[in-house]
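Asks: This is a predicted model, with the sequence first.
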Amino acid sequence: MANAAGVPHMGAFPPMIPPPALWQEYTAPDGRKYYYNTQTQETTWDKPKALEGSFFFLFFVHFCVVKIEIKIEIFKNISCKNISFTLKEKACKESAAAAAEEQQQVDKSRPVSSNPVSGTPWCVVWTGDHKVFFYNPSTRTSVWERPPELYNRPDVDLLVSKPPEEKNDEEKVADESEEGSDDDYPPAKKSRKERKLEKRMEQLAAKKEKERPRQMLEKQVDPAIQAELQAQKEREEVPFERRLQEFKEMLMEKNVSAGSVWEKELSKIVFDKRYLLLNAIERKAAFEAYVRERTEIERAEKKKRAKEARENFRNLLEEAKLHGRSSFSSFASKYGKDSRFKGVEKMREKEDIFNEYVQELEKKEKEERKEKKEKLRLDFISLLSEKNLTRRSKWSSLKKMIEDDDRYKAIDRSSTRESLFREYLETLPEETNSDIEEESDRQKRMAAEAAIQERKKEVEAELGEQLKERSKEHEKHKYQEHEDSFKALLVDLIKSSDYTWHEARRILRKDSRYENCDLIEKDVKERLFDSHIQHLERKRREIFFQLLNDTKDISPSLKWREARKIIEKDDRFSKFPIGDRKTERDYKDWTEERRETILRDFKDLLKETKIITYKSLKIIQENEQHLRDILAVLENDKRYIVLNDAPVERERLLEQYLEELDKKGPPPPPTQQEADRRRK
């Protein structure tokens with residue numbers, strides 16, 4: 001279908017092939033090539049198919065075919081209707097070509113190519129007259145001289161030394177072919193309609209020629225510059241705070257690391273639309289601020305995780321039931337697989353925390369030992385106060401009276417006991433009048449007895465040596481009779497261990513047999529009284545301990561308050577004062593003695609268990625099934641079952657025994673044992 005002038009519509013033309021100028025090649029900061037489409041604003045790493053073949057040849061052939069078809073149609077219309085229209089069209093095209101040629105002379109000073117420089121905001125721009133200048137799209141500045149940032153850059157030297165290749169002017173070739181094919185026709189007279197049409201065609205041709213260089217120039221402009229200019233307009237419409245927030249969100253989505261640099265992360269973010277929300281200076285400043293912020297956050301998170309790991313490690317130490325002499329090696333071998341142990345990364349830090357905790361435990365144990373020592377001292381002073389001592393009391397005689405008491409045994413050194421005894425005597429008041437009177441009466445009786453003995457000695461001296469020997473034996477026998485008489489007196493009158501020496505002495509002096517004990521000195525009498533009291537106390541404790549052993553409901557782990565309720569209901573304990581502190585102290589002594597007996601029996605059980613050897617500790621560390629086998633053997637024995645109330649102590653003894661066997665190593669062969677036995 002043709003219009004009024006006989007020219008076919010554009011819809012009748014063959015479809016146009018998209019020109020390859022729509023795709024342009026660029027180099028990324030990391031050296032890779034990427035391609036940008038100026039029409040669709042698409043960016044890809046793969047080379048488009050439009051750039052792979054000889055596109056310009058196909059475009060030229062297509063353009064010539066279209067021109068030939070147009071000329072054939074025009075020729076037909078001239079021969080059939082009016083040939084003058086073709087001449088007018090030729091004149092219009094000639095004037096349009098001249099105007100285009102003049103416009104091309106003017107457009108030679110315009111930019112024809114732009115190449116961005118990686119790592120900088122600058123671009124190298126070539127003009128149509130083969131001149132080069134440098135353009136910064138961020139600051140919108142153009143300079144003829146090379147900026148300092150582009151010094152010593154081989155890639156910039158290559159861009160400056162090699163101008164872009166000139167492209168063939170397809171339209172010029174098409175016009176020349178069109179002029180060569182036109183025939184010379186004589187001018188024809190123009191009608192009014194033809195003049196209007198000619199004027200319209202001239203306006204369209206001028207407009208087409210005027211817009212064509214601008215389109216070619218726009219196709220050759222760097223897409224990065226176009227995107228930057230477009231983004232600059234958009235930035236004016238959005239507040240800076242919002243743009244900055246979106247830029248930081250982009251950095252977070254792209255997983256920009258805290259310790260990275262701008263050049264390394266540029267390839268991750270350059271193709272994101274949010275990259276252009278800020279200009280070049282703001283982008284780099286925002287990137288550095290984000291990196292600093294992430295560094296602080298990660299440092300704080302790392303510090304928090306380290307603190308939590310140390311706290312969990314300390315909780316593990318508390319659960320491990322350590323003591324002041326615990327070693328880090330044994331602790332690490334036992335709890336090395338625990339997650340709280342692995343939470344602290346450095347082994348040196350683990351050891352420091354362990355040593356600090358053990359030092360605290362050692363300090364605490366030292367204070368406890370000091371408190372225990374003070375308690376033992378007070379108990380010993382209490383023991384001395386029960387013996388009704390005087391300033392004239394002697395340590396040698398007292399020591400024999402109290403050596404079986406637990407408060408006496410609790411103090412290890414004899415020098416410490418004697419020093420405490422001396423200190424206690426200094427606190428005692430002077431002797432009373434009754435003591436002095438008794439001592440005076442005894443001295444008188446002793447003086448009379450001594451006078452008699454003196455007289456006997458004189459007689460014996462006269463009678464000779466036989467009488468002297470007989471007299472010594474008689475004195476010894478008589479002293480023994482006085483001592484036995486005093487002991488019998490104690491047995492008859494003192495039947496409770498609650499009496500003190502002063503109370504007992506008042507009772508003994510009322511008996512007539514007391515005068516038959518004058519040969520015995522006061523200290524000896526007091527020593528015999530103490531021995532009698534100790535015997536009564538020992539007998540009472542044995543009966544009390546036996547009753548406790550026979551009571552099934554009472555165990556060493558039972559507290560006195562609970563055991564007291566059971567004792568009060570049992571008639572066998574009626575002779576023992578339940579509310580007395582002495583009974584409570586005896587019960588505590590029984591629990592300790594019973595516990596020691598149970599633990600000693602358990603140690604004997606471990607020695608008798610043949611499955612436990614020096615290899616057991618290492619086998620248990622590799623496979624816990626060996627430990628279960630050992631426990632299966634031990635659980636059948638009463639000496640193991642009786643410790644069900646103290647599983648921690650039982651486990652500690654087992655572990656201690658395994659470590660002792662592991663430390664000793666394999667036992668010597670039987671031949672060596674026999675040789676050692678004979679050598680001894």
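Replies: Structure's in. What do you need?
Asks: check contacts around the most centrally placed residue in the chain.
Replies: Closest to where the C-alpha atoms of the chain average out (C-alpha atoms, centre = their mean) is Ala309, at 2.3 Å. Contact analysis of Ala309 by C-beta atoms under 8 Å, 6 or more residues apart in numbering lists 340, 343-345. Yep, even glycine has a C-beta here, placed from its N, CA and C like the rest.
Asks: mind listing which of those are in helices?
Replies: Taking DSSP state H as the definition of helices, those contribute 340, 343.
Asks: are any of the contacts of Ala309 buried, and which?
Replies: By neighbour count, with 16 or more other C-beta atoms under 10 Å, the contacts of Ala309 hold 340, 343-344 as buried.
Asks: Mind telling me what element Leu378 is part of?
Replies: Using DSSP states H and E, Leu378 sits in helix 347-385.
Asks: Which neighbouring elements make contact with that helix?
Replies: helix 280-319, helix 328-335, helix 406-409, helix 414-427 (3 or more C-beta pairs under 8 Å, 6 or more residues apart in numbering; DSSP states H and E).
Asks: quick check: mean pLDDT across it?
Replies: Across helix 347-385, the average pLDDT comes to 86.
Asks: same check, this time on stretch 336-344
Replies: On average, stretch 336-344 scores 86.
Asks: Give me the contacts around it.
Replies: With C-beta under 8 Å, 6+ apart, stretch 336-344 has contacts from 306, 308-310, 312-313, 315-316, 332, 335, 350, 353.
Asks: would a markdown table of the residues you listed with distance to Pro667 be doable?
Replies: Output for the contacts of stretch 336-344, formatted as a markdown table (distance: C-beta to C-beta, whole Å):
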| residue | distance to Pro667 |
| --- | --- |
| Ala306 | 48 |
| Glu308 | 48 |
| Ala309 | 44 |
| Arg310 | 44 |
| Asn312 | 42 |
| Phe313 | 39 |
| Asn315 | 40 |
| Leu316 | 36 |
| Ala332 | 28 |
| Tyr335 | 30 |
| Lys350 | 36 |
| Ile353 | 39 |
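Asks: List buried residues within the residues you listed.
Replies: 309-310, 313, 316, 335, 350, 353.
Asks: mind listing what Arg527 touches?
Replies: 397, 400-401.
Asks: Mind checking which of those are in helices?
Replies: Using DSSP H, the contacts of Arg527 in helices are 397, 400-401.
Asks: List only buried entries from those residues.
Replies: Buried, going by 16+ other C-beta under 10 Å: Met401, out of these.
Asks: Ser393 contacts Glu426, doesn't it?
Replies: No - counting by C-beta atoms under 8 Å, Ser393 does not reach Glu426; the two are 12.0 Å apart.
Asks: The two: which has the busier surroundings?
Replies: Ser393 (18 against 7; other C-beta atoms under 10 Å).
Asks: Tell me the confidence at that one?
Replies: The model's pLDDT for Ser393 equals 78.
Asks: neighbours around Trp126, how many?
Replies: Trp126, neighbours per other C-beta under 10 Å, totals 20.
Asks: Would you confirm that it contacts Tyr135?
Replies: No - counting by C-beta under 8 Å, Trp126 does not reach Tyr135; the two are 11.0 Å apart.
Asks: Give the residues shared as contacts by the two.
Replies: In contact with both Trp126 and Tyr135: Ser114, using C-beta under 8 Å, 6+ apart.
Asks: re the thing from before, closest one to Glu537 among the helices and strands packed on helix 347-385?
Replies: Closest of the helices and strands packed on helix 347-385 to Glu537 is helix 406-409, at 10.9 Å (criterion: C-beta to C-beta).
Asks: what comes up buried for that closest one?
Replies: 407-408.
Asks: so what does it touch, helix or strand wise?
Replies: Applying 3+ C-beta pairs under 8 Å, 6+ apart, one finds that helix 406-409 makes contact with helix 347-385.
Asks: Compute the inter-axis angle for the helix it packs on and helix 328-335.
Replies: 110 degrees (axes from the mean of the first three to the mean of the last three C-alpha atoms, to 10 degrees).
Asks: got the angle for helix 347-385 vs helix 414-427?
Replies: Put simply, helix 347-385 runs at 50 degrees to helix 414-427, going by the same axes, to 10 degrees.
Asks: tell me which residues in helix 347-385 are buried?
Replies: Of all the residues in helix 347-385, those buried under the rule 16+ other C-beta under 10 Å are 350, 353-354, 357-358, 361, 376, 379-380, 383-384.
Asks: any chance of those residues in TSV, plus distance to His535?
Replies: What follows is these, written out as TSV (distance: C-beta to C-beta, whole Å):
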residue	distance to His535
Lys350	59
Ile353	57
Phe354	53
Tyr357	51
Val358	48
Leu361	44
Leu376	25
Asp379	22
Phe380	21
Leu383	17
Leu384	20
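Asks: quick one: which of these is nearest to Leu605?
Replies: For the buried residues of helix 347-385, the nearest to Leu605 is Leu361 (30.2 Å; C-beta to C-beta).
Asks: distance of the closest one from Glu318?
Replies: Leu361 sits 10 Å away from Glu318, going by C-beta to C-beta, to the nearest Å.
Asks: Show the pLDDT at Cys123.
Replies: Looking at Cys123, its pLDDT stands at 90.
Asks: How about it: which residues does it bridge to?
Replies: As for beta bridges, Cys123 partners with Pro116, Tyr135 under DSSP bridges.
Asks: neighbours around it, how many?
Replies: Cys123, neighbours per other C-beta under 10 Å, totals 23.
Asks: Same check on Glu655?
Replies: 14.
Asks: And Gln24, its phi and psi?
Replies: phi -130, psi 150 (degrees, to the nearest 10).
Asks: Would you confirm that Pro666 belongs to a strand?
Replies: No - remark: Pro666 does not belong to a strand; assigned using DSSP: H, G, I helix; E, B strand; the rest coil, it is coil.
Asks: Please name the residues that touch it.
Replies: Tyr614.
Asks: Could you measure from it over to Tyr614?
Replies: According to C-beta to C-beta, Pro666 and Tyr614 sit 6 Å apart.
Asks: ok, now Arg652?
Replies: Separation of Arg652 from Tyr614 (C-beta to C-beta): 19 Å.
Asks: These two: who's more crowded?
Replies: Tyr614 (15 against 12).
Asks: separation between that one and Asp601?
Replies: For Tyr614 relative to Asp601 (C-beta to C-beta), the value is 23 Å.
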